[in-house]
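Asks: how would this look folded up:
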Amino acid sequence: MDPERTTRMPVDEALRVLDALDAHGVGAVVGGGWGVDALAGHQTREHSDLDLWMTASAFEPFVVAAGELGVDRLSPWPGDRPWNFVVTDGALLRLDLHLYEELPDGDIHYGSALGGARFPQAALDGAGVIGGRPVRCEALPWSLRWHQGYPPRAVDRRDMTLLSTLAGLPVPAGYEVPRDT
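Replies: Okay, the predicted model is just below:
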């Protein structure tokens, strides 16, 4: 599936997903582009998907909620892993899942048992707003970190500019938005 596809996820669909997940006790945390917009407190651009962080133990209630929403397909993409993959309804809804385990000391483990990443629970304790609704989202410093380290697309440059502005930091090298000439 093309990550720059023309099908978009409007705010009402993002909220419908979050409401369904809440109703099933999933406790999802918004990441990616919608997470950036949540931190900004308003929608700044169109989105093709909704990135969601959730505990691996919440996957079963997620499947029930997703089924009620019509989300019933894996959408394989190069680089997908058992802890990070996309599910879709084949039309409007595209959910990019990030599954993690909570460790006994309160930290989070994300990725494979042999080479995963460890980070504090505070990384997912951000507070934001989508469509007037308060949501849990990636914390600003971690959103900044996770939006780097890969070749940026135009959308990544816009997101990094917004995140940097919110954090009161300069835009990292290579993420500047080119000026129109």
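Asks: distance between the ends of stretch 43-56?
Replies: 28 Å (CA to CA, to the nearest Å).
Asks: Return the set of buried residues in it.
Replies: 43, 47, 48, 49, 50, 51, 52, 53, 54, 55 (16 or more other CB atoms under 10 Å). For glycine as for every other residue, the C-beta is placed from the backbone atoms N, C-alpha and C.
Asks: Looking at these, which are in helices?
Replies: Judged by DSSP state H, helices contain none of the buried residues of stretch 43-56.
Asks: quick one: contacts of stretch 164-181?
Replies: 39-40, 140-141, 144, 148, 152, 154, 156-158, 160-161 (CB atoms under 8 Å, 6 or more residues apart in numbering).
Asks: The same query, at a cut-off of 7 Å, please.
Replies: 39, 40, 140, 144, 148, 152, 156, 157, 158, 160, 161 (CB atoms under 7 Å, 6 or more residues apart in numbering).
Asks: Repeat that for stretch 78-95.
Replies: When contacts are defined by CB under 7 Å, 6+ apart, stretch 78-95 is touched by residues 7, 9, 13, 17, 48-50, 52, 66, 69-75, 77, 96-100, 110-111.
Asks: and the end-to-end length of it?
Replies: The stretch stretch 78-95 measures 16 Å between its terminal residues, going by CA to CA.
Asks: average pLDDT across it?
Replies: Averaged over stretch 78-95, pLDDT sits at 89.
Asks: With stretch 19-29 instead?
Replies: In this model, stretch 19-29 has a mean pLDDT of 98.
Asks: Buried residues of that stretch, list them for me.
Replies: Buried residues in stretch 19-29, counted by 16+ other CB under 10 Å: 20, 21, 24, 26, 27, 28, 29.
Asks: For the protein, just list every one of the strands.
Replies: Under the criterion DSSP state E, strands of the chain are mapped to 29-31, 50-55, 73-74, 84-88, 94-102, 108-110, 117-119, 126-130, 133-137.
Asks: Let's have the ones you listed in JSON lines, adding distance to residue 167.
Replies: Shown next, in JSON lines, are the strands of the chain (distance: least, CB to CB, whole Å):
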{"stretch": "strand 29-31", "distance to residue 167": "16"}
{"stretch": "strand 50-55", "distance to residue 167": "19"}
{"stretch": "strand 73-74", "distance to residue 167": "35"}
{"stretch": "strand 84-88", "distance to residue 167": "25"}
{"stretch": "strand 94-102", "distance to residue 167": "21"}
{"stretch": "strand 108-110", "distance to residue 167": "21"}
{"stretch": "strand 117-119", "distance to residue 167": "17"}
{"stretch": "strand 126-130", "distance to residue 167": "12"}
{"stretch": "strand 133-137", "distance to residue 167": "14"}
